[in-house]
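# Test case, fold it:
(2 chains)
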Amino acid sequence: MKKFLKWTLIVVGSLLVIGFLGFLYMIPPLTVIPQEEFINGTSAMHQTLDHIKNPVERLMAERGRYIVLTTGCSDCHTPQGEMGPIPEKFLAGGLALAADYAGTVYSRNLTPDPATGLGKRTDAQLMRTLRSGVFHTGRLINYRAMPWAGFSKMSDEDLRAVIAYLRNIKPVRHDIPDIKQTLNIAAPPHVEIFIPGDFAKHE
Amino acid sequence: MIRSKGGSLAILGIVALFLSHLLQAQPSLDLGKEIYMARCSMCHGTDGKGDGAPSRALNPKPRDFTSGKFKFRSTESGSIPTDDDLVRTVQSGLHGTSMIDWGALMSDDSIRAVIAYLKTFSRRFTNEKPKPVRVGTAIPSSKASIAAGKRVYEKLQCAKCHGDDGTGANAIQKEFTDDWGEPIRATSLTEPWAFRGGVTARDVYLRFRTGIDGTPMPSYKGSASDEEMWHLANYVLSLARKPVWAMSEQELKAFYDSQREWARNNPVAWGKYLVETKGCGDCHSPIREDGSMVRNLHLAGGQKWEVKPYATLYTANLTPDKETGIGALTDDQLRLAITRGIRRDGTRMLPFPMPWPSYASMSEEDVKAILAYLRSMPPIKNQIPERETPNIFSYLILKFRMLILKEGFPAFIYPGNAGMAQAGKEEQQ
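A predicted model of the protein is given here:
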């Protein structure tokens, strides 16, 4: 009887250990989940635009939606939780990118929230940021953190379509800290560091 | 003896002149330098050579101030610009480029101070005087003037580069190189909102009168009268089409359809637009320690990414080289890589850093266009190393730290080319 108990314990114990190691090995099963789940998850965050009354604005916003979706803006501009991007905070910013030549910067809130997002920015200010990496405050954005050199080649019409889309997504209040000039992460010199997560200020 | 005396006197004179000049200009130059370093040097470089870090990814390139050659002037072809020309450029920006309308962020005095400083980069500004052109009397636009302008358009053979309709679609020559060795194209005359030098009839007239220095656009002084150039300006402005934001619903639908149609018929050009604007080169090219791109290895891969706990990756060579690039891959293989994250050996990529979950939503035509453009590029031999995965023990330990200890791992991006190819000589400054 004692022998039986002992063996049961050993088997259960080793099964637990194997199960735990298997859990460590497999989770998250990024290369096992069907691709469609990632693809649908990404496109599902993008919102429908039926609420736009002006048909021209809607058509432009749809073109903008296509550009924003297929350029992967949300990869950096949507904060990440443990389960990946947080759909409720779609394009609300908060990831960090650090480089020793540029300090630590946080992806901005692109939703039309007036206090923490783009609500108060004019079209001209947004064009300036997209095309030349200059904020409304005059601060220059490192072009590696935000690849504006590529966006600078977009036609005016496409840039305005992108802006039309961003003006019509759901506003999210999400206060993003400004640039930090010092790095908190121990890293070899001259390296860029992409930090997923959500670094928004606590509310 | 006399000669050397004269020589030393001359030198003394020059030094005195120089000193007095310095003393006079000093306060404004200090301010100008400060503003230049804070706002302009990022792209135009700390010594005005137009070689700041992003410059390699920009087209058109930031102006090289040391050449003293400027495109948008109100002065004779080959002459230096007036201060007011430079003020106009800084104030209103160069539309359609990364040069913004600084007038919205800077006062007039600051702009003048910055201009005083940037003029010190070229000796032409101390040695020469600008030669302003005489702008004749403007001719207001009218049907007759536009018709006369059309005749001038034909006489001067503008269609050779700009096409019959001004879009350049049926131009005889489509590819040009500017004086700095960069590829440029003739401006589409139907999109005046993107005219760099401004959209008034006077601005357009000035482009004919003064030429655009450094580009194949000559000055037509001598080949056309003043009057003819004013007519031509009116004609060019009459070619404008409506921008999308001014169109009606039907017009906009038709416009987007025609744009797709054009993309189908010009896959290489459209693919280039897509590859550039999606920033493929930002990861698929090596970078230097200051984050600038290695230009001769553009899209040749070799950027190193450490994505803990999964793998250390090297971005792929996207040029059509048969052995090291995408030359030997089929369209289907490439399509699967871009839109489904499947490598050539059939294994799967992580959903990051390659954003295939986003690219999957691209239309079939857009993917085709991207492939057409990648295949049209000059091949670059750059053998990229295999990705490295951690051994099972360190992998399990890293996963334990990630899942149980809730440690977050940032991704590290390293400078340098992990491939075999060398950065070009002109790159090593």
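# For the rest of this, base every contact and every neighbour count on C-alpha atoms.
Fine.
# Surely A:T104 is within a helix?
No - read with DSSP: H, G, I helix; E, B strand; the rest coil, A:T104 is strand and lies in no helix.
# and it, how many residues sit next to it?
By other Cα atoms under 10 Å in any protein chain shown, 22 other residues sit near A:T104.
# Is the closest residue to it other than its chain neighbours in a helix, a strand, or coil?
Nearest non-adjacent residue to A:T104, counting by Cα to Cα, 6 or more residues apart in numbering or on different chains: A:A98, 4.1 Å away. At A:A98, secondary structure determined by three-state DSSP is strand.
# Who are the contact partners of A:A98?
A:T104, A:V105, A:L183, A:E192, A:I193, A:F194, A:I195 (Cα atoms under 8 Å, 6 or more residues apart in numbering or on different chains).
# before we move on, what about B:P379?
So B:P379 contacts B:T319, B:P320, B:D321, B:G325 (Cα under 8 Å, 6+ apart).
# Who wins on neighbours among those?
Most surrounded of the contacts of B:P379: other Cα under 10 Å gives B:T319, at 26 neighbours.
# that older thread, which one of the contacts of A:A98 has the most neighbours?
Neighbour tally across the contacts of A:A98 (other Cα under 10 Å): the maximum, 28 neighbours, falls on A:E192.
# can you pull out the strands in chain A?
Counting by DSSP state E, chain A has strands at residues A:80-81, A:84-85, A:96-99, A:103-106, A:192-195.
# Check the spacing between A:P29 and chain B real quick.
10 Å (Cα to the nearest Cα, to the nearest Å).
# what number of residues lie near that residue?
Counted with other Cα under 10 Å, the neighbours of A:P29 add up to 11.
# tell me which element the spatially most central residue of chain B falls in.
Centroid-nearest residue in chain B, with Cα atoms, centre = their mean: B:N59, separated by 1.4 Å. Element membership of B:N59, judged by DSSP states H and E, is empty: it is in no helix or strand.
# mind checking pLDDT for B:K5?
pLDDT recorded at B:K5 is 59.
# can you check B:E306 too?
Per-residue pLDDT puts B:E306 at 94.
# dump the residue contacts of the residue of the stretch 101-250 of chain B found nearest chain A.
Proximity of the stretch 101-250 of chain B to chain A (Cα to the nearest Cα) peaks at B:E249, 5.2 Å away. Under the criterion of Cα under 8 Å, 6+ apart, the contact list for B:E249 reads A:P55, A:V56, A:L59.
# what's the closest of these to A:K170?
Distance ranking of the contacts of B:E249 against A:K170, using Cα to Cα, places A:L59 first at 17.7 Å.
# Tell me how far the closest one lies from A:A161.
Distance of A:L59 to A:A161, given as Cα to Cα, to the nearest Å: 8 Å.
# Which one's more surrounded, the two?
Using other Cα under 10 Å as the criterion, A:L59 and A:A161 rank with A:A161 on top: 26 against 21.
# Test my guess that the more buried one contacts A:Y66.
No - look at A:A161 against A:Y66 with Cα atoms under 8 Å: they stay out of range, at 9.5 Å.
# The stretch 251-400 of chain B: strands as residue ranges?
Counting by DSSP state E, counting those that start in this stretch, residue ranges of the strands within the stretch 251-400 of chain B are B:304-307, B:311-314.
# deepest of those strands, which one?
strand B:304-307 (a mean of 22; mean count of other Cα atoms under 10 Å in any protein chain shown).
# Just name whatever secondary elements that strand is in contact with.
Counting contacts by 3 or more Cα pairs under 8 Å, 6 or more residues apart in numbering or on different chains; DSSP states H and E, strand B:304-307 packs against strand B:311-314, strand B:411-414.
# Would you reformat those as TSV and include mean pLDDT and distance to chain A?
As requested, these are exported to TSV (pLDDT from 0 to 100; distance: least, Cα to the nearest Cα, whole Å):
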stretch	mean pLDDT	distance to chain A
strand B:311-314	94	13
strand B:411-414	92	5
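# out of the contacts of B:P379, which one sits closest to chain A?
Of all those, the one with the least separation from chain A (Cα to the nearest Cα) is B:T319, at 18.2 Å.
# The closest one: what's it in contact with?
Contacts of B:T319 (Cα under 8 Å, 6+ apart): B:L299, B:A300, B:G325, B:I326, B:G327, B:L374, B:R375, B:M377, B:P378, B:P379, B:I380.
# what would the residues you listed look like in JSON lines with distance to A:K89?
Below are the contacts of B:T319 laid out as JSON lines (distance: Cα to Cα, whole Å):
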{"residue": "B:L299", "distance to A:K89": "33"}
{"residue": "B:A300", "distance to A:K89": "35"}
{"residue": "B:G325", "distance to A:K89": "38"}
{"residue": "B:I326", "distance to A:K89": "37"}
{"residue": "B:G327", "distance to A:K89": "41"}
{"residue": "B:L374", "distance to A:K89": "35"}
{"residue": "B:R375", "distance to A:K89": "38"}
{"residue": "B:M377", "distance to A:K89": "39"}
{"residue": "B:P378", "distance to A:K89": "42"}
{"residue": "B:P379", "distance to A:K89": "42"}
{"residue": "B:I380", "distance to A:K89": "41"}
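# can you pick the most crowded of these?
Counting neighbours by other Cα under 10 Å, B:A300 leads the contacts of B:T319 with 32 neighbours.
# give me the number of residues near A:G22?
12.
# So for it, what's the pLDDT?
90.
# Relative to B:A38, how far out is it?
For A:G22, the distance to B:A38 - Cα to Cα - is 53 Å.
# for A:D198, same thing?
30 Å.
# Next: B:L396.
47 Å.
# Looking at these two, which has the bigger crowd around it?
More neighbours surround B:L396 than the other of B:L396 and B:A38, with 19 against 14 (other Cα under 10 Å).
# A:Y25 is in contact with that one, correct?
Yes - with contact defined as Cα under 8 Å, B:L396 reaches A:Y25; the gap is 6.3 Å.
# Overlap of the contact sets of these two?
Common neighbours of B:L396 and A:Y25, using Cα under 8 Å, 6+ apart, do not exist here.
# what's near enough to touch residue 50?
Using chain A here. A:D50 neighbours (Cα under 8 Å, 6+ apart): A:R58.
# my bad, chain B
B:C43, B:H44, B:K61, B:P62, B:R63, B:D64, B:F65.
# count of neighbours near B:G52?
19.
# just checking, it touches B:M42?
Yes - the pair B:G52 and B:M42 passes the contact test of Cα under 8 Å, sitting 5.2 Å apart.
# Residue ranges in chain A under the pLDDT threshold?
A:181-186, A:202-203 (pLDDT under 70).
# The stretch 101-250 of chain B now?
For the stretch 101-250 of chain B, counting by pLDDT under 70, not a single residue falls below.
# Apply 90 and report the result again.
Residue ranges of the stretch 101-250 of chain B with pLDDT under 90: B:135-137, B:168-170, B:174-175, B:179-185, B:194.
# Can you tell me which residues in it are near chain A?
By the rule Cα under 8 Å from any Cα of the partner chain, the part of the stretch 101-250 of chain B lying against chain A is B:L105, B:A194, B:P243, B:V244, B:W245, B:M247, B:S248, B:E249.
# Need the residues you listed in CSV (columns: secondary structure).
Below are these laid out as CSV (three-state DSSP):
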residue, secondary structure
B:L105, coil
B:A194, helix
B:P243, coil
B:V244, helix
B:W245, helix
B:M247, coil
B:S248, coil
B:E249, helix
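# Just the buried ones from those residues?
Buried residues within those, counting neighbours by 16 or more other Cα atoms under 10 Å in any protein chain shown: B:A194, B:V244, B:E249.
# Could you pick out the longest helix of chain A?
Using DSSP state H to define each element, chain A has its longest helix at helix A:2-26.
# So which elements touch it?
The contact analysis (3+ Cα pairs under 8 Å, 6+ apart) places helix A:2-26 against helix B:392-403.
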